[in-house]
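**Q** Model the following, please.
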Amino acid sequence: MAIRNQSLGEFIIENQSEFQYSSGELSRLINSIRLAAKVVNHEVNKAGLVDILGAAGDTNIQGEDQQKLDVYANEIFIKTLTNREIVCGIASEEEDDFISIKGRNEKNDNKYVVLMDPLDGSSNIDVNVSVGTIFSIYRRVTPSGTPVTIDDFLQPGNLQVAAGYIVYGTSTMIVYSTGHGVNGFTLNPAIGTYYLSHPNMKFPEKGSIYSVNEGNYVHFPLGIKNYIKYCQEEEEDRPYTSRYIGSLVSDFHRNLIKGGIYIYPNTSKDPNGKLRLLYECNPIAYIAKQAGGRSSNGFINILDIKPTELHQRVPFICGNKSMVDKAEEFMQNA
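**A** Residues are numbered from 1 along each chain as shown. Model (predicted):
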């Protein structure tokens, strides 16, 4: 049984045998993400003291204004993963295209590709609200030693070998899974070490929180409108409590611990949804499944969707299984 003062490094070593196909690369990859997260955490925590707040003056591939910390976090994660020669490719929400990475012998012979949202919720940076990093890891499907292709990245979420997120909040946490449950590690800033603080994380059996931007209510599909009305009804176990931060990592993390559902549906303004399948929805859906929850686009499991493009967007419903089942029921009956 895991003990509470176990460090993330010790946990990775102790559980390395659970990493299918791996001879140490996946462990080193998780360690690299841990290192990059510490660097980004340092910058996030001093953001109000240095010139790293505000817009960077550029837009990303989605046409959104990039924040300075968006750019910084993206550079740190790419540099850390590239320099350690662990991955053969990286795709980032902040990059137009995927990045192919050569190993020491000038061949792409590493096993894994990483897809990431380097700084989720970055619009909250200037107002000192929690932000995060989301990451997803797959085994490449193209032959070892050849350059990676788009096929290595356009894999359905059920083929992920690991996924997780980092919350930069009142405390900094890494929450991740390699397919054997979900564990959370909290950073002790005094010594720079993550310790196991939330072993074997599971959604509570029943949830009582719904997280959705109700300011867009008039643009929601009828099924979501009906589900929100259901959440607000005076019944034995309702109304549910409405909580919405506007940072996927923060909203999901709260709902995982306290029990709830996160909803970012398609709207009349964004008919395909707004969240990115590869960088946000798939990794969060993977964590949810490992924690006993569910995810859906309103009709099918998010993890079953076969991606067709790097920056594909989808409607996203995720959280307690019974709550997602009910929201899906409203969508299908609308």
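
**Q** Just grab the bridge partners of the residue nearest to the spatial centre of the chain for me.
**A** Centroid-nearest residue in the chain, with Cα atoms, centre = their mean: residue 134, separated by 3.3 Å. Residue 134 has these beta-bridge partners by DSSP bridges: residue 117, residue 165.

**Q** list the contacts for it?
**A** By Cβ atoms under 8 Å, 6 or more residues apart in numbering, the contact list for residue 134 reads 116, 117, 120, 163, 164, 165, 248, 249, 279, 280, 283, 284. For glycine as for every other residue, the C-beta is placed from the backbone atoms N, C-alpha and C.

**Q** Can I have the buried ones of these as a PyMOL selection?
**A** Buried residues among the contacts of residue 134 (16 or more other Cβ atoms under 10 Å), as a PyMOL selection:
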select buried, resi 116+117+120+163+164+165+248+249+279+280+283+284
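
**Q** Report pLDDT for the residue nearest to the centre of the chain.
**A** Per-residue pLDDT puts residue 134 at 97.

**Q** Pick out whichever of the contacts of residue 134 sits closest to residue 139.
**A** Closest to residue 139 out of the contacts of residue 134 is residue 163 (13.0 Å), distances taken as Cβ to Cβ.

**Q** roughly how far apart are the closest one and residue 309?
**A** Going from residue 163 to residue 309 by Cβ to Cβ, to the nearest Å gives 20 Å.

**Q** what's the answer for residue 326, then?
**A** Taken as Cβ to Cβ, the span from residue 326 to residue 309 is 31 Å.

**Q** neighbour count winner among these two?
**A** Neighbour comparison, residue 326 and residue 309: the larger count goes to residue 326, with 15 against 11 (by other Cβ atoms under 10 Å).

**Q** Distance of the more buried one relative to residue 180?
**A** 29 Å.

**Q** Over to residue 170?
**A** As judged by Cβ to Cβ, residue 170 and residue 180 stand 28 Å apart.

**Q** of the two, who's got more company?
**A** residue 180 (13 against 7).

**Q** Just to check, that one is in contact with residue 17?
**A** No: using Cβ atoms under 8 Å, residue 180 is not in contact with residue 17, being 10.2 Å away.

**Q** Right, I'll call it a day here.
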